[in-house]
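# test case, fold it:
(2 chains)
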Amino acid sequence: MDVQDKLAILADAAKYDASCSSSGSKATRAGSRIGSTEGMGICHSYTPDGRCISLLKILLTNFCIYDCQYCVNRISSDTPRARFTVPEVVTLTLDFYKRNYIEGLFLSSGIIQNPDYTMEKLTEVAKVLRKEHKYGGYIHLKTIPNANEELIKEAGRWADRLSVNIELPTENDLVQLAPEKKKPTIVKAMQGISEKISESRADRKRGFKSPRFAPAGQSTQMIVGATATPDSKILQTASELYGGQKLKRVYYSAYSPIPHADARLPGQSPPLVREHRLYQADWLLRFYGFEAGELVTQADQNLSLDVDPKLAWALANRHYFPVDVNSACREQLLRIPGIGTRSVKRLLKIRRFQHIRTCDLKKLKVAWNRAKYFVLTSDHNPALKNLDMLDLDRKLRPATQQLMLFDAMQSATSGEV
Amino acid sequence: MRFIHVACFDDWRSEARGLLSDQIPPTEVHWSAEDDQLGLFDQIQEKAATEKETESRSGNTEPSTRFSVPTPFLDLAGHVACHQDPARWQLLYQTLWRIVHGERRLLEISTDDDVHLLQLMRKAVTRDVHKMKAFVRFRKIETEASAETYIAWHRPDHFIMRLAAPFFSRRFKGMSWTILTPHESAHWNQQQLTYGPGLPASEAPKSDALEDLWKTYYASIFNPARIKVDMMKREMPVRHWPTLPEATLIDDLIRDAPSRVNEMIENYEGFSKTAAHYLPIKQDLRSLQQAVSKCQACHLCNDATQAVFGVGPENARLVLVGEQPGDREDIEGEPFVGPAGELLNTSLHQAGIERREVYLTNVVKHFKFERRGKRRLHKKPDSREIYACRPWLESELAALRPKTVICLGATAAQALLGRDFRLSQQRGRIRMTEWSQQTIATWHPAAILRMPDKNRKREMVQQLIQDLKRGAEFSE
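Below you'll find the model as predicted:
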């Protein structure tokens, strides 16, 4: 099997990992000859699924001893198998990087032999790239829970970001679909990484020249839609991870039909809108001062699919409005539907020099269609009279499902709601 | 009216400085850019421009006309200057005039018309720079003495070469490269960045052998179950596609996606049910044994004679778990009655354990085999069959609540101790599991029988006896 065949199999096997982020490492490693990291990642290409290609995202091997039902690489799947050697991955990464195809490498792997052995191989790729090729680009290594502490330490030295997948939102989901993975083990692995990151940061702050440990932090991913777990539980798990394990990002991946699907998990179209709503809610948790508990307003404990979570919250909490854009504080402004963090920042600046009218808000490119029902401006805002009307819900729900889908995509990239 | 002709930001800056010190309001100035079409008044403009230049220089040296401009404006102007819109110079001067004449904090008011326009222009330029960083595709050419050079041709929307090139020299420090655009080219020789004239696409290499590999990656990482073409086009505008090797695949990928998804949804592998579906309501050993004969969770029930359930006392403190029934067991309906059972019996005896006090069972309840002539050859159950059958074993263990479980062979060990369990390395170690205080794994007697090396065989038997003994001691 040549490299091209292996690449086809091992890239195909890696595509269900949603993360392709290459941001977070603020300075290029000293002494690098090829590659840089300057904080912001770059998306070098886009595939027709709307996802960006920033990193060369591959598995070292898709042989795996585990039997997680949602995974195409589970031991009981008939998918074709392949295994890269360490030099093959190194050459491929450098060749792609030098042609400016990619921003770096995202390397994951099926578990072969045992967690330690697998982790060792992953780390070796990163180490060879850094030491032998003076590669300074981005490296994201998937960490194998249960792997030896020393190996994780080594991995963090060479990688920009480490991640352990939480896989599914609750412990019960894991028991059901991935019986070999245990939540305490996963959380312990995250905790270990998180401690090492803060240790290394603290040391450097005190002026010690300790080696950097995963400067771009850690992230995780959970699959949504494979079990019946409602959004409220998912957001709660996410919020615990942000708070407890200091994660940079939690990725939500809509359970998507996979080739060689397992009969135990019947095929379905991926719940893309739901995934998108979760990302919006996630953003609200991290940047808008919302709590996980207040975001889910529906009786079934799921986020509304028709309207974004901020709007749904506003509709359910109308006593909070109208918010006066000329006098409200930052926290209040952030709760207005259709106004994002950037607009809030600008509003606060402009407010010092002039009154804010409806036309100013439109010029700031806020989503006026949503915002108009909830804001008090210095001039007359005719839409405000609808705030207490019973049919406001209906006015704000999209006319057709289709249209809404496209709306959703825009804010999926910007993250603004 | 003054007619002023500028080509770049520095030109504009010195002109604007002169105009300001001469107190010329924006309405009195007409700005034109180098790339404008030749107009009727071109001659006059040039003349006016040169006149202006001398004037401004003399004006600038006078200390009385100094003024200061906030730094954010310079940064903004530096970017806007690269925008392709010829109106940019006028707009910049107009804004500068307002800043100097009483509206010092004008830039903070992003809803002001001029500021708003300038910000839009800056955004367009920044985005274009970002897209250049993303979409430049180098092609490698080998020159003499095996030196590598990388060349790319890219078409930006604005005049951004000098904004973007330093990034490439930082990123590809140890690589010689050239980027060509229609307006300007940049070259890096691993030490110095130099600029040259613009060049057409025909000057760049036509292909690179690695592009096939890149296209393979692009096609494989695409998930046909999620189609968001608009999103892709917004972030990767179609006008950039001609220089992106992977873009040639897009049409085919979109066209084939629906049928690939249907295929994925329709085809699945494995068994949709597990034995849990056949478990009786009352889960004592007797009811379980009656229910197991009806089990059809996997297809092994089709060829096997009967399901072989565990045997032994209900209050057994020691449970031995094997892999699956063999040929004899399948016929007689009882575990460990074939040749392997014989070896187990003698081993139990030597370990001082009474077989009738022990509960004997298997991970898989039906015999899996391959027909070879008249003989039925044992075949290892796969992970799907083990998973489907597992609820029987779990129910047995739950009903028995034994003190010790001894796994015979790798299949049993991996079923109860985890799939990363390695019998050759971890045999004989005692571990706690959710079913019993002590779980030990040891050789399966059938594996011992198959061992060709006589000495090794003897050693394995001894180890089996020893492990059985340990298990029995703990179950006391």
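# list the buried ones in stretch A:220-228?
In terms of neighbour count (16 or more other C-beta atoms under 10 Å in any protein chain shown), stretch A:220-228 has its buried residues at A:220, A:221, A:222, A:223, A:224, A:225, A:226, A:227. The way it works is simple: take the backbone N, C-alpha and C, and place the C-beta from them, glycine included.
# in CSV: those residues, plus distance to residue B:6, secondary structure and pLDDT.
Formatted as CSV, the buried residues of stretch A:220-228 follow (distance: C-beta to C-beta, whole Å; DSSP: H, G, I helix; E, B strand; the rest coil; pLDDT from 0 to 100):
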residue, distance to residue B:6, secondary structure, pLDDT
A:220, 53, strand, 92
A:221, 52, strand, 91
A:222, 55, strand, 91
A:223, 57, strand, 90
A:224, 55, strand, 89
A:225, 57, coil, 86
A:226, 61, coil, 86
A:227, 64, coil, 86
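# how's chain A carved up into domains?
For chain A, the domain assignment from automatic domain parsing gives the residue ranges A:3-231+A:244-260, A:309-414.
# what segments of the stretch 251-400 of chain A are strands?
A:261-262, A:323-324, A:375-376 (DSSP state E, counting those that start in this stretch).
# the second one packs against which elements?
Packed against strand A:323-324, as judged by 3 or more C-beta pairs under 8 Å, 6 or more residues apart in numbering or on different chains; DSSP states H and E, are the following elements: strand A:375-376.
# check contacts around residue B:377.
Taking C-beta atoms under 8 Å, 6 or more residues apart in numbering or on different chains, we find residue B:377 in contact with B:369, B:370, B:371.
# between the buried residues of stretch A:220-228, which is nearest chain B?
Closest approach between the buried residues of stretch A:220-228 and chain B, by C-beta to the nearest C-beta: residue A:225, at 11.8 Å.
# next one: phi and psi at that closest one?
phi 100, psi -10 (degrees, to the nearest 10).
# ok, it to residue A:180 distance?
21 Å (C-beta to C-beta, to the nearest Å).
# what about stretch B:340-358, how long is it end to end?
Between the opening and closing residues of stretch B:340-358 there is a gap of 16 Å (C-alpha to C-alpha, to the nearest Å).
# name whatever forms a beta bridge with the residue nearest the centre of chain A.
With the centre of chain A defined as its mean C-alpha position, the nearest residue by C-alpha atoms, centre = their mean is residue A:251, 3.1 Å away. With DSSP bridges applied, residue A:251 shows beta-bridge pairing to residue A:221.
# wait, isn't it in contact with residue A:19?
Yes: taking C-beta atoms under 8 Å as the definition, residue A:251 is a contact partner of residue A:19 at 4.9 Å.
# intersection of neighbour lists for those two?
Where contact means C-beta under 8 Å, 6+ apart, the residues bridging residue A:251 and residue A:19 through contact with each are A:219, A:221.
# how about the nearest residue to residue B:365, chain neighbours excluded?
Excluding its sequence neighbours, the residue lying closest to residue B:365 (C-beta to C-beta, 6 or more residues apart in numbering or on different chains) is residue B:307, at 4.6 Å.
# likewise for residue B:207?
Spatial nearest neighbour of residue B:207, chain neighbours left out: residue B:139 (6.8 Å); criterion: C-beta to C-beta, 6+ apart.
# that neighbour is in contact with residue A:100, isn't it?
No: using C-beta under 8 Å, residue B:139 is not in contact with residue A:100, being 10.3 Å away.
# with neighbour numbers in mind, choose between these two.
The residue with more neighbours, out of residue B:139 and residue A:100, is residue A:100; 23 against 19, by other C-beta atoms under 10 Å in any protein chain shown.
# surely the more buried one is within a helix?
No: Residue A:100 is assigned coil when assessed by DSSP: H, G, I helix; E, B strand; the rest coil, not a helix.
# what about it? Give its phi and psi, please.
Comment: the main-chain dihedrals of residue A:100 come out as phi 60, psi 30, following degrees, to the nearest 10.
# how much space between it and chain B?
When distances are taken as C-beta to the nearest C-beta, to the nearest Å, residue A:100 and chain B turn out to be 5 Å apart.
# show the contacting residues for the one residue in the stretch 251-400 of chain B that gets nearest to chain A.
Distance from chain A to each residue of the stretch 251-400 of chain B (C-beta to the nearest C-beta) is smallest for residue B:265, at 3.6 Å. Residues near residue B:265 by C-beta under 8 Å, 6+ apart: A:257, A:261, A:267, A:268, A:269.
# in helices only, show me the residues you listed.
The helices, defined by DSSP state H, take in nothing from those.
# so which strand or helix has the nearest residue to residue A:123 once chain neighbours are set aside?
The shortest distance from residue A:123 to any residue that is not its chain neighbour, by C-beta to C-beta, 6+ apart, is 4.5 Å, and that residue is residue A:155. Following DSSP states H and E, the helix or strand that holds residue A:155 is helix A:149-158.
# who touches that helix?
Contacts of helix A:149-158 from elsewhere in the structure, counted by C-beta under 8 Å, 6+ apart, are A:116, A:119-120, A:122-123, A:126-127, A:129-130, A:139, A:141, A:143, A:162, A:189, A:192-193, A:196-197, A:200, A:211-214.
# just the buried ones from those residues?
If you count burial by 16+ other C-beta under 10 Å, the buried members of these come out as A:119-120, A:122-123, A:126-127, A:129-130, A:139, A:141, A:143, A:162, A:189, A:192-193, A:196-197, A:200, A:212-214.
# any stretches of the stretch 101-250 of chain B with poor pLDDT?
B:145-146 (pLDDT under 70).
# report the buried residues of stretch B:337-355.
Neighbour-count burial for stretch B:337-355 flags B:337, B:338, B:340, B:341, B:343, B:344, B:347, B:348, B:351, B:353 (criterion: 16+ other C-beta under 10 Å).
# show me the contact partners of that stretch.
For stretch B:337-355, the surrounding residues in contact (C-beta under 8 Å, 6+ apart) are B:318, B:320, B:322, B:326-329, B:335-336, B:358, B:408, B:444-446, B:448-449, B:461, B:464-466, B:468-469, B:472.
# one more time with 6 Å
The list of residues contacting stretch B:337-355 from outside it, by C-beta atoms under 6 Å, 6 or more residues apart in numbering or on different chains, reads B:326, B:328, B:329, B:336, B:445, B:446, B:464, B:465, B:468, B:469, B:472.
# and the second one, which of the three is it?
Three states are possible here, and by three-state DSSP the one that applies to residue B:328 is helix.
# what's near enough to touch residue A:374?
By C-beta under 6 Å, 6+ apart, residue A:374 lies in contact with A:314, A:321, A:322, A:336.
# residue of the stretch 51-200 of chain B closest to chain A, please.
Taking C-beta to the nearest C-beta, chain A has its nearest neighbour within the stretch 51-200 of chain B at residue B:174, 3.2 Å off.
# which SSE is that residue in?
With secondary structure defined by DSSP H and E, residue B:174 is part of neither a helix nor a strand.
# secondary structure element for the residue of the stretch 251-400 of chain B closest to chain A?
Residue B:265 is located in helix B:250-266, with elements delineated by DSSP H and E.
# chain center to that helix, what's the gap?
Taking the mean of its C-alpha atoms, helix B:250-266 sits 21 Å from the chain's own mean (C-alpha atoms, centre = their mean, to the nearest Å).
# repeat that for stretch B:443-455.
Per C-alpha atoms, centre = their mean, the centroid offset for stretch B:443-455 relative to its chain is 44 Å.
# with stretch B:281-298 instead?
Using C-alpha atoms, centre = their mean, we find the averaged C-alpha position of stretch B:281-298 to lie 44 Å away from the chain's own average C-alpha position.
# all set, thanks.
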